[in-house]
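# Following is a predicted model, sequence given first.
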Amino acid sequence: MKDHTITWHAHTIETAPEKSKEILAATKKSMGMIPNMHAYMAENPAMIGSYIHGYNLFRNIAGFNAIEQEVIFLSISVANGCEYCVAAHSMVADQMSKVPVEITDAIRGGKSIPDTKLGALSTFTQKLVNKRGRVTQEEISEVLKAGYTNSHILGIITAVGVKTISNYMNEIIQTPVDEAFQHRAWSVE
C-alpha cells in the first residue's frame, strides 16, 4: 500500500517554481525576509500571485487607513482561527500600522473594542466571515451607521477573499509562525 503522507515544502527563491520566483524576490526586497507563509504559497504560482495581488489592491485602493486594514485582517484571521495570520497581523498592527495594543488584544481575545467605529468594523467583519456572507440588512446598517460606505463593505469582502486564501492554506499546512512574529503568538482556545 502506497504512503500518501503529504510533505509540504517551504520554497526559497532558488527552489520555487519559475513563476513564483519573481514574487518571492519582490517579497524579500520589500520585507527583508520571505515569511514562511509566502515560502509555502510559492508551491503554486496562482495561489501566491492571487494572494499578493489581492493583498496589495486591498492595501492600496480599498479605502481603509492602515489601522482599519489591520482591524479587518486581524478580525478575519481570528474568525477563521488562523494562528499564523493572527500572530503576523498583530505584529504588523503593533509595529507598522500603530494600532493601539488594547485594540489588537480585544480582537484577539474576543472582547469589545474600546473604539466605537473600529468596534463596528471588527464586528461586521467577523459576522461576514462567520455567516459566510449571509449578513442581515440590520448588520449592514450598523457598519454604515458607524461611518463606513457601500464601497467599504465591498472592500471588506475583498479582504475576506484574500485572508481566506492565507488562512486556509496556513491551517492545512500548519505553517510555522516566523520568529519575527513569535512575540505575538496566538492560539485558538
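Thanks, I have the structure now.
# mind listing the helices for the protein?
Across the chain, reading from the start of the chain, the helices by DSSP state H fall at 18-31, 36-41, 45-61, 66-80, 83-95, 101-109, 116-130, 137-145, 150-173.
# Quick one: low-confidence residue ranges for this protein.
Along the chain, segments meeting pLDDT under 70 span 1, 3-4.
# picking up where we left off before, so which of the helices of the chain is nearest Val188?
With respect to Val188, and counting by C-beta to C-beta, the nearest of the helices of the chain is helix 83-95 at 6.6 Å. The C-beta positions use only the backbone N, C-alpha and C, and glycine is treated the same way.
# coming back round to it: specify the stretch among the helices of the chain that is closest to Trp186.
Each of the helices of the chain was checked against Trp186 via C-beta to C-beta, and the shortest separation belongs to helix 83-95, namely 4.1 Å.
# helices or strands next to the closest one in the packing?
When contacts are defined as 3 or more C-beta pairs under 8 Å, 6 or more residues apart in numbering; DSSP states H and E, helix 83-95 sits against helix 36-41, helix 66-80, helix 101-109, helix 150-173.
# Dump those to TSV, plus distance to Ile6 and mean neighbour count.
Converted to TSV, those look like this (distance: least, C-beta to C-beta, whole Å; neighbours: other C-beta atoms under 10 Å):
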stretch	distance to Ile6	mean neighbour count
helix 36-41	12	25
helix 66-80	21	24
helix 101-109	30	18
helix 150-173	9	18
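# what's the spacing between Lys28 and Arg184?
Taken as C-beta to C-beta, to the nearest Å, the spacing of Lys28 relative to Arg184 amounts to 22 Å.
# and Ser166, what is it in contact with?
Contact criterion C-beta atoms under 8 Å, 6 or more residues apart in numbering gives 37, 41, 51, 82, 84-85 as the residues in contact with Ser166.
# Apply 6 Å and report the result again.
Contacts were defined as C-beta atoms under 6 Å, 6 or more residues apart in numbering; by that measure Ser166 touches 37, 85.
# now Leu118
Shown in contact with Leu118 (C-beta under 6 Å, 6+ apart): Val71.
# and if you look at Ala26?
Contact partners of Ala26, counting by C-beta under 6 Å, 6+ apart, are absent.
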